[in-house]
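Trainee: Turn this into a structure:
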Amino acid sequence: MANSTERPISSLLSAGEGSLRKQLGSGCAGWPRMREPKGVMNQRHKVRLLRLRRLVVLVAFGLTAVVGGVADAGASVIAGHNGKIVVGQVFPNIGFTINPNGAERHSVGPPGSTTCVGWSPNGEKVLCNLWGTDHVQPATANPDGSDFRLLDPRRKLDLFCLSWSPTGTRLLCHSEGMQNPAQAGLYSIRASDGRDLERLSATPSGHFDNGYGFSPDGSRVLYGRFNFNSSSDNALFSVRRNGTGKVRLSPRRLNLIDLGFFDRVEADWSPHGSQVVFAAFIPSLGKTGLFVVDRNGTELHRITPPSVGAISAQWSPRGNLITFTSCCQRIQVFVVHASGHDLRQLTYALNGSQSFTPVWSPNGHEVLFQREFFKGSTPTGGALYRVTRKGRDLDRVTTLPTFVFAQGGAFFYSWGTASP
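Mentor: This next block holds a predicted model:
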């Protein structure tokens, strides 16, 4: 594939959040379009187009269009001891596990066609997705890469699976309707063999349903519905695990953030399951914010001050803290108490760096995040880092490959309990 023109967007930062509303409504006009890839399956191209339509959101938030490790992580990290980290990439596809200190890296799955995304609740299995010639299908493996196994490989429906249920018996997946648009939506399958398919949502034409995870008791699923043509119609919902009882959690005056490159980090369940945290754009103010709402859609309140926006949200396993990415004058990692008190900045712009999309360690003492470095407005590379919830003991875990986001790439990472 020919390289797309790289357009640094650091110049947008000078405009701050005042330009955010205009950027969100501007669509992708003027941005590089992608050519049909050679030697790879067509659905990859379709997924790239889905990600490209969300590139305008990335631009609006002041993140670079060329990043060294744009990532995704599992929602609702299971509490426990700190174990291994799984890292995955889409386009080109890779999957590996690594210790928090950067040691013992193990590749998972067939090279060039495997993307790994997260851990089973007990830390014994890694969830991956295998890209084939005409669809994508889920697989599991041991933390060292052994026992890589496809789940129900005869199924023709494209399923990209994202996370486990709390008991480890079900997987939450989505289909983009690559072979049949009517099949687009959210599904769950049995984790042991990929069977017992249950449909949770039917995605309307021109939309995309993105699953954030099962509630802690496994009874409901949190998901976002995004409009390809209008970011003013992005909303957060929950639904029973059988697809009934849909509840809208975000009011129409708020637009759920859709990072695109980090599909499941915009919203999260609280560990007790009675509340949800999410990041949203506020059109009336032209700003972003971090919000908490009860699971029935009531008691909505903002927990970040107007001076600190938010474009990601992850609840700690202990339930007392929430970590998020600030926006838009500063792209850095913060934590705040779930009540909105004790706001703390964990990372700073060292040598012009940006730090973003943090996720929690299983013990709730640290966060894992990615840092991007620049020379002027040109990105020079990125890496995964970890830091304590108090902003101390910053350590690099591993470097991340650089890729062009406009070509559809994405990264995934999640911290599990598998013994290092």
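
Trainee: what stretches of this structure score poorly on pLDDT?
Mentor: Counting by pLDDT under 70, the chain has low-confidence residues at 1-76, 134, 231, 262, 402-409.

Trainee: tell me which element the residue at the greatest distance from the centre of it falls in.
Mentor: Most distant residue from the mean C-alpha position of the chain: Arg154, 28.0 Å away (CA atoms, centre = their mean). Using DSSP states H and E, Arg154 maps to neither a helix nor a strand.

Trainee: what's around Thr115, how many residues?
Mentor: Summarising burial for Thr115: neighbours were counted as other CB atoms under 10 Å, giving 26. Every C-beta, even on glycine, is put in place using the N, C-alpha and C of the backbone.

Trainee: That one touches Val87, doesn't it?
Mentor: No - under the criterion of CB atoms under 8 Å, Thr115 makes no contact with Val87, lying 10.1 Å away.

Trainee: and the closest residue to Asn363 other than its chain neighbours, how many neighbours?
Mentor: Taking CB to CB, 6 or more residues apart in numbering as the measure, Asn363 lies nearest to Asn82, with 5.3 Å between them; neighbours along the chain are not counted. For Asn82, the number of neighbouring residues by other CB under 10 Å comes to 19.

Trainee: cool, and Glu198?
Mentor: 13.

Trainee: Thr380 too?
Mentor: Number of residues near Thr380 (other CB under 10 Å) recorded here: 14.

Trainee: now Leu159
Mentor: As a burial measure, the neighbour count of Leu159 was computed by other CB under 10 Å and equals 23.

Trainee: contacting residues around it?
Mentor: Residues touching Leu159, when contacts are defined by CB atoms under 8 Å, 6 or more residues apart in numbering, comprise 136-138, 173-175, 187, 189.

Trainee: Please report the distance of Ala202 from Ala267.
Mentor: Remark: distance between Ala202 and Ala267 (CB to CB, to the nearest Å) = 21 Å.

Trainee: Those two: which is more packed in?
Mentor: For Ala202 versus Ala267, the count of surrounding residues by other CB under 10 Å is larger for Ala267: 29 against 13.

Trainee: pretty sure that one is touching Ser312, no?
Mentor: No - Ala267 sits out of contact with Ser312 when judged by CB under 8 Å, with a separation of 9.1 Å.

Trainee: overlap in contacts of Thr115 and Val87?
Mentor: Contact criterion CB under 8 Å, 6+ apart; residues bridging Thr115 and Val87 by contacting each: 94-95, 412.

Trainee: of those residues, closest to Leu197?
Mentor: Looking at these and their distance to Leu197, the nearest is Phe412, at 23.1 Å (CB to CB).

Trainee: Tell me if the closest one really is in a strand.
Mentor: Yes - applying DSSP: H, G, I helix; E, B strand; the rest coil, one finds Phe412 inside a strand.

Trainee: and it, what are its bridge partners?
Mentor: Beta-bridge pairing of Phe412 under DSSP bridges involves Gly88.

Trainee: Just want to check the distance between it and Thr398.
Mentor: For Phe412 relative to Thr398 (CB to CB), the value is 14 Å.

Trainee: Compare these two and say which is more crowded by neighbours.
Mentor: Under the neighbour definition other CB under 10 Å, Phe412 and Thr398 were set side by side, and Phe412 has more, 26 against 19.

Trainee: And that one, how close does it get to Leu254?
Mentor: With distances taken as CB to CB, Phe412 is found 26 Å from Leu254.

Trainee: and what of Leu150?
Mentor: Spatial separation of Leu150 from Leu254 under the definition CB to CB is 40 Å.

Trainee: swap in Gly364?
Mentor: Noted for Gly364: a distance of 28 Å to Leu254, by CB to CB.

Trainee: Which of those two has more residues huddled nearby?
Mentor: Neighbour totals were compared for Gly364 and Leu254, and Leu254 leads with 24 against 20 (other CB under 10 Å).

Trainee: Please report phi then psi for the residue lying closest to the more buried one once chain neighbours are set aside.
Mentor: Nearest in space to Leu254, with sequence neighbours left out and distances taken as CB to CB, 6+ apart, is Ala280 at 4.0 Å. According to degrees, to the nearest 10, the main-chain angles of Ala280 amount to phi -150, psi 160.

Trainee: OK, contacts around Ala280?
Mentor: With contact set as CB under 8 Å, 6+ apart, Ala280 has these partners: 250, 254-257, 288-289, 291.

Trainee: For those residues, work out which two are farthest apart.
Mentor: Spatial extent of the contacts of Ala280 (CB to CB) is set by the pair Ser250 and Thr288 at 12.9 Å.

Trainee: Need the residues touching each of Ala267 and Ser312.
Mentor: Ala279.

Trainee: mind listing the helices for the protein?
Mentor: 20-24, 42-53, 55-60 (DSSP state H).

Trainee: what's around Gly245, how many residues?
Mentor: The tally of other residues near Gly245 (other CB under 10 Å) stands at 11.

Trainee: who's in contact with it?
Mentor: Going by CB under 8 Å, 6+ apart, Gly245 touches 220, 239.

Trainee: Backbone dihedrals for it, please?
Mentor: Backbone torsions for Gly245, taken as degrees, to the nearest 10, come to phi 70, psi 40.

Trainee: any idea how far Ser238 is from it?
Mentor: When CB to CB is the yardstick, Gly245 and Ser238 sit 8 Å from each other.

Trainee: With Glu366 instead?
Mentor: 29 Å.

Trainee: got it, and Tyr385?
Mentor: Plainly put, Tyr385 is 32 Å away from Ser238 if you go by CB to CB.

Trainee: Ok, Ser192 next?
Mentor: Using CB to CB, we find Ser192 at a distance of 26 Å from Ser238.

Trainee: So which of the two has more stuff around it?
Mentor: Neighbours per residue, other CB under 10 Å: of Ser192 and Ser238, the larger number sits with Ser238, 22 against 13.

Trainee: isn't the more buried one right up against Arg220?
Mentor: Yes - between Ser238 and Arg220 there is a contact under CB under 8 Å: 4.8 Å.

Trainee: Now do the shared contacts for these two.
Mentor: Counting by CB under 8 Å, 6+ apart, the contacts common to Ser238 and Arg220 are Arg295.
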